[in-house]
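Asker: quick check, what structure comes out for this input:
(2 chains)
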Protein chains: 2
Amino acid sequence: MSSNSQEGHTIRILVDGHGGDGAPGIVIDALVQAVNKPDSGLVFGIVGQPDLLLPLLRDAAVAEQVEIVEATDVIGMCEAPIVALRRKKNSSIHVGARAVRDGQWDAFVSAGNTGALMAISKLILKTIPGIDRPALASMVPAVGGGSTFFLDIGANVDCTSEHLLQFAVMGSCYMQAAEGVESPRIGLLNIGSEDIKGTDVVKVAATKLRESGLNFIGNVEGTDLFGDSVDMVVCDGFVGNVSLKTMEGVAKLILHQLKSELTSSIVAKTGAVLASGALHRVKDALHPSEHNGAPLLGLNGIVVKSHGSADSHAYLSAIDVAVREVRADLIDNIVKTMNGMAEA
Amino acid sequence: MSSNSQEGHTIRILVDGHGGDGAPGIVIDALVQAVNKPDSGLVFGIVGQPDLLLPLLRDAAVAEQVEIVEATDVIGMCEAPIVALRRKKNSSIHVGARAVRDGQWDAFVSAGNTGALMAISKLILKTIPGIDRPALASMVPAVGGGSTFFLDIGANVDCTSEHLLQFAVMGSCYMQAAEGVESPRIGLLNIGSEDIKGTDVVKVAATKLRESGLNFIGNVEGTDLFGDSVDMVVCDGFVGNVSLKTMEGVAKLILHQLKSELTSSIVAKTGAVLASGALHRVKDALHPSEHNGAPLLGLNGIVVKSHGSADSHAYLSAIDVAVREVRADLIDNIVKTMNGMAEA
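Answerer: So this is what the prediction gives:
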């Protein structure tokens, strides 16, 4: 972490010029919006191939405000992370992670290959002392326009109870720092609320969470992710990934059926036209661009993943997540919480 | 299994007079529909408290066609399964499972406490030779009005690769027997399609499935549950339960948001009225009553779980599942498939 990260100082955010469905176009569109926001004290950079990026920055009239950091390699969205990690040492992700490690930039935002981003960031930045493994997190929509912070969603397929406890610490610090939730209510994903439910790992994790001093409310079920009883839910990355993909699948199925039913007759079509605003809002609420920006938590440096299909508005949200993490000194907070628990 | 189970013989179905939100009313309504169907060769019984059930059967004019089997105890929906199993040995579930074990009835259908139904059925009926653990399965809706058979959805929180293989065998036999799918396409739930993905248990299970002779199509993700690339998906009961509850949660969230958005303005309301038929069909497609009836697979006797909130039409579907399992000699088929694999 750079010492620039405290409130009041300049915050330097580096974004990945490559990776994601719309790069570099939407990344630059997001930067245009970012540099024109009245948020003083922010400096932006873009990492990637200068020949490609410079003309685009000039066209967008932000070449003066956005610094280019050179990276010669580009990692494909479907490349095997381990191969990308080893063979493309001058990729935009490698260069971005090194720039954060060396304190030249305060945070790195990328819409690139998730596995490669995690593997390379972990190799270069290492984890925060006391944290064994970084986790990938996401915000999922909940009733009444709310949301639930959900981790791990795929970085760690096998977890011990200690890992689950660490995820809870990191998530709780994140919710305080980035979302302003004072004492986040933490749920442990299980197959029932009773203590006797679940695997041995989950049962031991519940005991550790109860003794942690965190605001642990107990076991929760898959349905509770979308309710208003918890602010965040922790689980291992296998379960989290299946749950997240299940969400995506169900949402897609329902929207598909809605579309097909609402075009099935003239009366239904007319109704759909009249209700189109409402129907679009339902669709938007499932993929809120305000929720874009998944922190890679536990790294000793701030890295935020934007969804690969994010538009510029959503990409801007991912940049905002990075800014809030830096401003709130997230990493210092995680270190302090871990130290406090070790002493208790 | 009773020798009555072959095609052409009388099939005897015993239903649970207690358990579920609408018992015994909706159970008896379902029986009225069942006895009036032109399906010859079916005999029905209801197990529970005769004082309660007999007047209702009389009122419904089916007292002659439905045999009452006496059970004095009733297990509550929220009772701890292990307590119910030990203390209520004359519960409708105990009596029902014993009646199937002893060959007096060919199958038992219950909307009661799932955990108690599984625990008691397992204790009394035991598992099929070669099957270590019974699994709970469910049909989930898929695109184009299709469906995917999904197991285990909560009976076994810790599974070995061998258990996952057994679930695939049981599920495959079920799909052939009860759904008429000749060579069911089996997916293994994972966090990516590549071989390197997932836990060690899942990786070994993939190898065993590839060598099994079953129609294994490989790893699938949570989104694939709702697509048309697989007929059935296997996973451990922890992951399956979380996925199923995630489905329920997302569906509820979307329908809630739809309702709230569609009543937000007069124009949207008018549209919703015109599109109400279409909207109801979407809602129904998420909880198709035709999909009610979750088999407890792997038991040495046929037991089918109806959803606790099933209406009489849905309950009838659960009865139909039991009839199809008996008619197709499901248990014999599982035994034969297991034996074939052991010899191969």
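Asker: and the residue positioned nearest the centre of chain A, how far from chain B?
Answerer: Centroid check for chain A by CA atoms, centre = their mean gives residue A:294 as the closest residue, at 0.4 Å. The gap separating residue A:294 from chain B is 15 Å, by CB to the nearest CB, to the nearest Å. Any C-beta I mention is one placed from the backbone N, CA and C, and that applies to glycine too.
Asker: got the phi/psi numbers for that residue?
Answerer: phi -100, psi 110 (degrees, to the nearest 10).
Asker: show me the contacts for it.
Answerer: The neighbourhood of residue A:294, defined by CB atoms under 8 Å, 6 or more residues apart in numbering or on different chains, consists of A:136, A:137, A:138, A:139, A:153, A:304, A:305, A:306, A:307, A:318.
Asker: let's see which of those residues end up in helices.
Answerer: Counting by DSSP state H, the part of the contacts of residue A:294 found in helices is residue A:318.
Asker: what's the neighbour count on the residue of the stretch 51-200 of chain A found nearest chain B?
Answerer: The stretch 51-200 of chain A approaches chain B most closely through residue A:191 (4.0 Å), counting by CB to the nearest CB. When neighbours are defined as other CB atoms under 10 Å in any protein chain shown, residue A:191 has 24 of them.
Asker: same check, this time on the one 5 residues further on
Answerer: The tally of other residues near residue A:196 (other CB under 10 Å) stands at 9.
Asker: helix or strand for it, which one?
Answerer: For residue A:196, there is no host helix or strand (DSSP states H and E).
Asker: now do the spatially closest residue to residue A:41 that is not a sequence neighbour against residue A:297, distance only.
Answerer: Residue nearest to residue A:41 in three dimensions, not counting chain neighbours: residue A:10, with 5.3 Å by CB to CB, 6 or more residues apart in numbering or on different chains. As judged by CB to CB, to the nearest Å, residue A:10 and residue A:297 stand 24 Å apart.
Asker: neighbour count: the two, which is higher?
Answerer: residue A:297 (30 against 12).
Asker: can you tell me what sits against stretch A:158-166?
Answerer: With CB under 8 Å, 6+ apart, stretch A:158-166 has contacts from A:130-133, A:135, A:152, A:156, A:167, A:188, A:201-202, A:204-205, A:207-209, A:212, A:234-238, A:298, A:338, B:199-200.
Asker: of those, grab the buried ones for PyMOL.
Answerer: Here is the PyMOL command that picks out the buried ones among the contacts of stretch A:158-166, judged by 16 or more other CB atoms under 10 Å in any protein chain shown:
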select buried, (chain A and resi 131+133+135+152+156+167+188+201+202+204+205+208+209+212+234+235+236+237+238+298+338) or (chain B and resi 199)
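Asker: past the longest helix anywhere in chain A, which element shows up next along the chain?
Answerer: What stands out as the longest helix in chain A, according to DSSP H, is helix A:237-262. Per DSSP H and E, helix A:237-262 leads on to helix A:266-274 as the next helix or strand towards the C-terminus.
Asker: check which residues of that following helix are buried.
Answerer: A:268, A:271, A:272, A:274.
Asker: what would the residues you listed look like in JSON lines with distance to residue B:105 and pLDDT?
Answerer: Shown next, in JSON lines, are the buried residues of helix A:266-274 (distance: CB to CB, whole Å; pLDDT from 0 to 100):
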{"residue": "A:268", "distance to residue B:105": "46", "pLDDT": "79"}
{"residue": "A:271", "distance to residue B:105": "49", "pLDDT": "77"}
{"residue": "A:272", "distance to residue B:105": "49", "pLDDT": "78"}
{"residue": "A:274", "distance to residue B:105": "54", "pLDDT": "78"}
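Asker: so which of these is the closest to residue B:334?
Answerer: Ranked by distance to residue B:334 (CB to CB), those are led by residue A:268 at 44.4 Å.
Asker: confidence score at the nearest residue in space to that closest one that is not next to it in sequence?
Answerer: Closest residue to residue A:268 apart from its sequence neighbours, by CB to CB, 6+ apart: residue B:278 at 4.2 Å. With respect to pLDDT, residue B:278 scores 75.
Asker: and for residue B:278, the neighbour number?
Answerer: Neighbours around residue B:278, by other CB under 10 Å: 24.
Asker: helices or strands next to the helix or strand containing it in the packing?
Answerer: Of the helices and strands defined by DSSP H and E, residue B:278 is found in helix B:276-286. Other helices and strands packing on helix B:276-286, by 3 or more CB pairs under 8 Å, 6 or more residues apart in numbering or on different chains; DSSP states H and E, are helix A:237-262, helix A:266-274, helix B:237-262.
Asker: how far away from the center of its chain is the shortest one?
Answerer: This means helix A:266-274. 38 Å (CA atoms, centre = their mean, to the nearest Å).
Asker: just to revisit the earlier point, for the longest helix of chain A, packing partners?
Answerer: Going by 3+ CB pairs under 8 Å, 6+ apart, helix A:237-262 lies up against strand A:135-141, strand A:147-151, strand A:186-189, helix A:266-274, helix A:276-286, helix B:237-262, helix B:276-286.
Asker: check which residues of it are buried.
Answerer: For helix A:237-262, by 16+ other CB under 10 Å, it's A:237-251, A:253-255, A:257-258, A:260-262.
Asker: for stretch A:51-61, same thing?
Answerer: Those would be A:53, A:56, A:57, A:60, for stretch A:51-61 by 16+ other CB under 10 Å.
Asker: and if you look at stretch A:118-126?
Answerer: A:118, A:119, A:120, A:121, A:122, A:124, A:125.
Asker: equivalent analysis for stretch A:323-342, please.
Answerer: Buried, per 16+ other CB under 10 Å, within stretch A:323-342: A:323-331, A:333-335, A:337-338, A:341.
Asker: which pLDDT does the model give the nearest residue to residue A:286 once chain neighbours are set aside?
Answerer: Sequence neighbours aside, residue A:251 is the residue nearest to residue A:286 in space, at 4.9 Å (criterion: CB to CB, 6+ apart). pLDDT recorded at residue A:251 is 89.
Asker: before we move on, what about residue A:22?
Answerer: At residue A:22, the pLDDT recorded in the model is 88.
Asker: any idea how far residue A:321 is from it?
Answerer: Applying CB to CB to residue A:22 and residue A:321 gives a distance of 18 Å.
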